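Sequence below, structure please.
(2 chains)
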Amino acid sequence: MDIPKRILVSCGTGIATSTVVAKAIEEALKDRGMNVTIRQCKVAEVKSLADDADLIVTTTPVSKDLGVPVIQTLAFLTGIGKEEVIEEIIKALES
Amino acid sequence: MSETIPNLLDPNCVLLKCNYTQAEEVISAVGMRLFKEGYVRDTFVQAAIDREKQLPTGLPLAGGIIAAIPHTEIEHVIKPALGMVTLKTPVTFQNMVSPEEMVPVQLVFLLALEKPKAQIEMLQEIASVLQNSVIVEELLNQRTYKGIIKILKQA
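Alright, predicted model coming up:
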């Protein structure tokens, strides 16, 4: 059994948009048979938590030099480009 | 179908076809309603305005309409609720994904969140309403609370 990949999902307060994004990613990846662990945080906490993540997905801008791939997207809120972002997430986790 | 949103949307906290000119004004007007109805503390409005400046919430939607979903820390909230504003002429907010970009907003949901996990249904319903451009258009056309609820129940 593979060790689940860790996704850190961040937004401004760590309670609103990241909740929607985390749930949407969890469901989309489950449908594809992928097992991941998702942690939510405030954008201000990203830097200190980045080391424990394989991928960061964020709605608000974060620094790009965290040593972990960062995907910034509103797709899970607006629906625009959602499928493409899911593919991008899968690709980032597989690499 | 939205079930949670209609329950959280107090008729006194829905302002339709408004003529505001600034984001602060919009947040303050509907935020004061939430305060008067006992959903949030007296610190909520300022906290939501400040937070919107630092971490804006403008969301360009699929149909070309732009929404905003201001909110703030849970400590300013007494019990979960939603405020809603539709704007006759768009008001400038900043884009969530690129805060330096100003965007003309027509639909605002002010979120009073108490516990994130407990309000997952509300957040998901808002996301699904925002993803439906027909529903968003319809919401902007409504003149009454009743009309809004009817549309949301179809969503």
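
contacts and neighbour counts: CA atoms only from here.
Will do.

which outside residues touch the longest helix along chain B?
Secondary structure of chain B per DSSP state H: the longest helix is helix B:23-36. Helix B:23-36 is contacted from outside by B:12-15, B:20, B:40-42, B:44-46, B:48-49, B:70, B:81-85, B:91-93, B:110, using Cα atoms under 8 Å, 6 or more residues apart in numbering or on different chains.

how about 6 Å then?
With Cα atoms under 6 Å, 6 or more residues apart in numbering or on different chains as the test, helix B:23-36 has contacts from B:13, B:45, B:49, B:93.

What about residue 11, how many residues nearby?
If you meant another chain, say so; for now it's chain A. By other Cα atoms under 10 Å in any protein chain shown, 26 other residues sit near residue A:11.

The chain in question should be chain B.
Close neighbours of residue B:11, defined as other Cα under 10 Å, add up to 16.

host element of it?
Per DSSP states H and E, residue B:11 falls inside strand B:9-18.

Could you name the helices and strands sitting against that strand?
Where contact means 3 or more Cα pairs under 6 Å, 6 or more residues apart in numbering or on different chains; DSSP states H and E, strand B:9-18 is packed against strand B:81-94.

Is any residue of the strand it packs on near chain A?
No: using Cα under 6 Å from any Cα of the partner chain, strand B:81-94 never reaches chain A; the gap is at least 11.6 Å.

Is any residue of whatever helix or strand comes next after that strand near chain A?
Counting by DSSP H and E, the next helix or strand C-terminal to strand B:81-94 is strand B:102-112. No: Strand B:102-112 lies out of reach of chain A by Cα under 6 Å from any Cα, never closer than 8.6 Å.

So which bits of strand B:102-112 are buried?
Going by neighbour count (16 or more other Cα atoms under 10 Å in any protein chain shown), the buried part of strand B:102-112 is B:103, B:104, B:105, B:106, B:107, B:108, B:109, B:110, B:111, B:112.

Where does pLDDT dip in chain A?
Regions of chain A meeting the criterion pLDDT under 70 cover residues A:1.

Run through the residues of it sitting next to chain B.
Checking chain A against chain B by Cα under 6 Å from any Cα, the hits are A:12, A:15, A:20, A:60, A:77, A:78, A:79.

could you redo the residues you listed as CSV and give each row secondary structure and neighbour count?
Below are these laid out as CSV (DSSP: H, G, I helix; E, B strand; the rest coil; neighbours: other Cα atoms under 10 Å in any protein chain shown):
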residue, secondary structure, neighbour count
A:12, coil, 27
A:15, coil, 25
A:20, helix, 22
A:60, coil, 23
A:77, helix, 25
A:78, helix, 24
A:79, coil, 16
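
what is the most centrally placed residue in chain B paired to in the beta sheet?
With distances taken as Cα atoms, centre = their mean, residue B:109 lies nearest the centre of chain B, 0.6 Å away. As for beta bridges, residue B:109 partners with residue B:84 under DSSP bridges.
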